[in-house]
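[1] next input, structure requested:
(3 chains)
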Amino acid sequence: MSPQPLGLGTDDAVAATTIAATAPAPEAEAETGIVSTVDPDVVAQPSKRLEIIVAAAALLFNVILLVAAQSIELRRAADPGQIDARFWPTILALLGIGLAVARLVIAIVGKPDERDDLERVQPGQMGKLLIALALTAGFLGVWSWKTATLTLFGLVIGFKLFVIVAPLYLAALLFVFGARGWKSLVIYPVVTTGFIYLLFGQLLRIAL
Amino acid sequence: MNPKKALVGIAVAALSLSLVGCTVGTAAETKPKEDAAAAEPVSTFPEKPITLIVQANPGGGSDLSSRALADQLSRILDTDIIVENRPGAGGATAMEYVAGLPADGYTLGFGPVEIAMLNTTQGADVLPENYDLLGQIMLAPGVISVSADSPYQTLEDLIAAAKGQPLTVGNSGTGSIWEAAAKALAGESGAQFTNVPHEGGAPAVAAVIGGQIDAVVSGAGEAKAGNDDGTLRVLAVLHDEEHPNFPGIPTAAEAGYPLEFGGWGGIYAPAGLPTDVHATLEAAIKEAVASDEYQAFQKNAGNLVVYRNSADWTTFVNEQFTRFAELLG
Amino acid sequence: MNGFAEGMASLLDPTVGLCLLLGLGLGLLVGAFPGITATMAVALAAGFTLTLEPVQGLAVLLTIYVAANFGDRVPSILVNTPGTPASIATTFDGYPMAKQGRAGLALTISALGSAVGILASLVLFIAVAVPLATMANKLFGPAEMFALVVFGLTIMVSISSKSLLKGLLAGVFGLTLGAVGTYAITNDARFTLGLTDMRDGFSFIAVIIGLFGIGELFDQLLTYRKSKVKPISSLGRWWPNKSEVKQMGKPMLVSGAVGLGVGLVPAAGGDIAGLIGWDRARAVSKRPQDFGKGSIEGITASDTASSATLGGSLTTTMALGVPGDSVMAVMIGSMMIWGISPGPGLFTNRPDLVVSIAGIMLIATILSLGVSLVRMKGMVKLLDVPNHYLWATILIFCVIGTYATTNNLTTVIMMLAFGVVGVILKRTGFPAGPVVLGMLLGPLAEKELGRALLIAQGDFFDVVSRPLTAAMLGLALISLVVPIVGRLRARKKAAAALAALPAEREHAPTGV
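    Below is the predicted model:
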């Protein structure tokens, strides 16, 4: 995606496609953020471009589904009159294609939907969301090792990684979300982790 | 490559790396211990809690059997046994997961009859040789039943009718042991059965009582309530002797078809356990199965306690594996 | 009456009271945490209740069951995250009400609706459990179930809030999600990409937590401004006034009936009932346009309906021995160990136990209602918590909660992925309700049709021509066509009105 100045209210089209393509484009989003609109940058604006993109995406999704449905492996062919594993997805894909085409036509010729029930995406926030997701992925990655051992003065100490990683993860999240100060970044993560450890680890016997 | 496996692989690699890191510090202490273990017949296993992976949700038959056994194992081995449920894919999730873990005796699994079936029914990577099969701990024989107001009084009646036109026979799910049993009976007798899968044994039995289907093959436990209150007529037990919960009801052999099908279960570990660990675990399981508490538990649950030691169970599982591949493949 | 006296007397034992309190605390707690369902709590508690006497054990298990049904409404209303699947429909009106500063009212009405639902269903259980369950079991075969599910699917039209086409597309998306995994009738794997973890399809709990809770959290994060007031600024008043109490009457009646009926169908539980009850109450309401925007009728309907399934599930479980829902499946396991076989025999052989069960449910409901109303007053403090705490806490609890359902990180990854899907759907105007409905009902519809065809030896006409099936399919057609025609008409009217006022905004109120 190339960063380009975007028009009125297309920020979400960018947001949607950015997430879909998992290619962060902070520059593009920073620029859209500055665009001032008629409504004082609070309410999301209707966007024709967005409507066309999502209708096309829905069409594409259902076409892929139709193709994928035909290639489902069947262990044996269905008896006459019986439905096999391909039947239902095929029906759904055909239904989806019909609906998506109708939606696409309306998106192209009609007026875009009102979006006054949504708020605008604010500058810089997309970056925070992606960082939060990355942090979560990192947390899960490390946590999946479950246990680690530490050697101190010849003494082997085994411990659950969760109790180390969870407070770090919480502190990092809080920092990204704008919290500062030792209460937010130290006390709170430690207390929350302790609570989770007791509730899930001890009381509910979940293998944390 | 399966990303989940990759993840596990990374995890295992990391874990073993960290373990290597520790051994440097404790090498001096560990060595003598190993020597001692070699010199003495008694091993130091277990030194830490053991995890028992259950392939089904908490509260089900497999889970309850596992927990009842774990209570006894914990006492015998003098260590904590942590029961961990990893449901999914008819048990394949848990069984594939356990196969990928280190064979040190600290991870065990509850292995139901599906351990011999999943490769055939789902193409799952679940093969008997992936595991050290430590011992069978229970058996829930199958029964074949019809509704109490059904015209079929005996198994012979049912089969005779099914030779003229196809009859619908319910089971707990496609690829289940009970579907296999119905197929085997049809194959043996020449009857035409349309196998109708349900979401478990209880709904299948209810469907027979409600008159939706003609007959059902289910576990003995699921048929007990209906048999007791007179809504269900059990025609035969698919076992070699009379079932205590169904006095007077013939075995399949007595009814003319020598078929034995049951939902058995046992304890397995990843393949390649050290010999001493294998022996310790096998002995502990045998002792746990023999305990009064465990026996009482299985009796209440409506199951039979049928114990097979590691060698016998391994032979049995391999036989069953071949049998199911022929029946369901 | 001997059994009645005996059953009630056994509840007077002080240890039973202790068990009730234990269950109450556990139930409210697990209900309030997304991911941990009553099923899990009951399953884990079952491990130690096995050592108790049946009445004591049942007191713990049944109270967890009831109390979780109250606790799960709280996160639905306050953070748009269903505590358990049964409170999906609660989010439709509960969360909007909270955003309007009426969270207190929503919580109270929700608790009242739940209590009424459970109590009504208990009456049914005590009075006619065996004949009703036997009749339902005879009448409802796979063909009838298929028709009922198709009827349920038509609700998609009414929960498609803005654009009908988007709502239906979301519904088809949900049906597709439901088709992922093994097709139960033939055991063929679909869209699993060869992964064992995908053989069971998407975890339903992961999807609802992702779509509703995490999706909303991500949206708040994206739209956060320093100057912005928090989405929920006050809880408002707690008690409904006279006119609001009046509004609750009709939806309670209608959705209560729906809940009782759905509860008797073994494969359907509180989640489906909540959605259908909400839809039916809307259909008979004088103000259907308010549904989904913070309607008192809406939240009453969803919670009465989903709670009214409890007695129905209990009925099928105890009278047929068929688990009415997943909690009851665990309960049957425990009862078998105690040497009690649920089934018609239970009512004739152990009437005292049946009375005890009903008594426990009754006391648990009253206690839960009391605690819900008292405890909720303390929650005002939660509103002072800054956003960053709220976000971080919700995120980690959703992660741990979904992990706890399977002990498998894949489920957590699914949940997060559906959080991203949820925010995209929200920003692009696709409602999440139809997705969930499709995912819930799609597999049922397909399976029941497959099973019906097996029994009918492949004769499709034989399946749909059964009288009850045909009638329900006819109703489904009507409930599909009527709202669509209504929508189109409203749109035409609006267009005509707009033509008269060319200076006004040109967007029709209801798009297609």
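[2] how about the helices in the stretch 101-250 of chain B?
    Assigned by DSSP state H, counting those that start in this stretch, the helices in the stretch 101-250 of chain B fall at B:118-122, B:155-164, B:177-189, B:201-209, B:220-229.
[3] any idea which of those helices is most buried?
    Neighbour counts (mean count of other Cβ atoms under 10 Å in any protein chain shown) averaged over each of the helices of the stretch 101-250 of chain B peak at helix B:201-209, with a mean of 27. For the C-beta atoms, the positions are set from N, CA and C on the backbone; glycine is no exception.
[4] now do it, average pLDDT.
    Average pLDDT, helix B:201-209: 90.
[5] just stretch C:79-91 next, same as before
    For stretch C:79-91, mean pLDDT rounds to 88.
[6] ditto for stretch A:95-114
    Averaged over stretch A:95-114, pLDDT sits at 92.
[7] give the buried residues for it.
    A:95-100, A:102-104, A:106-107, A:112-114 (16 or more other Cβ atoms under 10 Å in any protein chain shown).
[8] make JSON lines from those residues and add secondary structure and distance to chain B to it.
    Formatted as JSON lines, the buried residues of stretch A:95-114 follow (DSSP: H, G, I helix; E, B strand; the rest coil; distance: Cβ to the nearest Cβ, whole Å):
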{"residue": "A:Leu95", "secondary structure": "helix", "distance to chain B": "26"}
{"residue": "A:Gly96", "secondary structure": "helix", "distance to chain B": "27"}
{"residue": "A:Ile97", "secondary structure": "helix", "distance to chain B": "30"}
{"residue": "A:Gly98", "secondary structure": "helix", "distance to chain B": "32"}
{"residue": "A:Leu99", "secondary structure": "helix", "distance to chain B": "30"}
{"residue": "A:Ala100", "secondary structure": "helix", "distance to chain B": "30"}
{"residue": "A:Ala102", "secondary structure": "helix", "distance to chain B": "36"}
{"residue": "A:Arg103", "secondary structure": "helix", "distance to chain B": "34"}
{"residue": "A:Leu104", "secondary structure": "helix", "distance to chain B": "34"}
{"residue": "A:Ile106", "secondary structure": "helix", "distance to chain B": "39"}
{"residue": "A:Ala107", "secondary structure": "helix", "distance to chain B": "36"}
{"residue": "A:Pro112", "secondary structure": "coil", "distance to chain B": "39"}
{"residue": "A:Asp113", "secondary structure": "coil", "distance to chain B": "37"}
{"residue": "A:Glu114", "secondary structure": "coil", "distance to chain B": "41"}
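[9] hmm, stretch B:91-100 touching chain A?
    No. In terms of Cβ under 8 Å from any Cβ of the partner chain, no part of stretch B:91-100 sits within range of chain A; the closest distance is 12.2 Å.
[10] where are the low-confidence patches of the stretch 151-300 of chain B?
    By pLDDT under 70, the stretch 151-300 of chain B contains no weakly predicted segment.
[11] and it, which of its residues are near chain C?
    Near chain C, when you scan the stretch 151-300 of chain B using Cβ under 8 Å from any Cβ, you find B:166, B:168, B:173-175, B:194-200, B:202-203, B:205-207, B:209-213, B:221-222, B:224-226, B:228-231, B:297, B:300.
[12] phi, psi for B:Gln153 please.
    Per-residue torsions, B:Gln153: phi -90, psi -30 (degrees, to the nearest 10).
[13] from B:Ala161, how far out is it?
    When Cβ to Cβ, to the nearest Å is the yardstick, B:Gln153 and B:Ala161 sit 11 Å from each other.
[14] so who does the closest residue to chain C within chain A touch?
    The nearest approach of chain A to chain C comes at A:Gly81, 2.2 Å away (Cβ to the nearest Cβ). Neighbouring residues of A:Gly81 by Cβ atoms under 8 Å, 6 or more residues apart in numbering or on different chains: C:Leu453, C:Ala456, C:Gln457, C:Gly458, C:Asp459, C:Phe460.
[15] which segments of chain A make up each domain?
    A:11-109, A:125-203 (automatic domain parsing).
[16] lowest average pLDDT across those domains?
    domain A:11-109 (a mean of 77).
[17] spatially, what comes nearest to residue 88 if we skip its sequence neighbours?
    No chain specified, so I'll use chain A. Excluding its sequence neighbours, the residue lying closest to A:Trp88 (Cβ to Cβ, 6 or more residues apart in numbering or on different chains) is C:Glu446, at 4.5 Å.
[18] should've been chain C
    Leaving aside its sequence neighbours, C:Ile88 sits nearest to C:Pro82 (Cβ to Cβ, 6+ apart; 4.9 Å).
[19] contacting residues for the one you found?
    C:Pro34, C:Asp72, C:Pro75, C:Ser76, C:Ile88, C:Thr90, C:Thr91, C:Ile208, C:Ile209, C:Phe212, C:Gly213 are the contacts of C:Pro82 under Cβ under 8 Å, 6+ apart.
[20] how about a cut-off of 6 Å?
    C:Ser76, C:Ile88, C:Ile208, C:Phe212 (Cβ atoms under 6 Å, 6 or more residues apart in numbering or on different chains).
[21] among those, which one sits closest to chain A?
    C:Phe212 (15.9 Å).
[22] thank you, goodbye.
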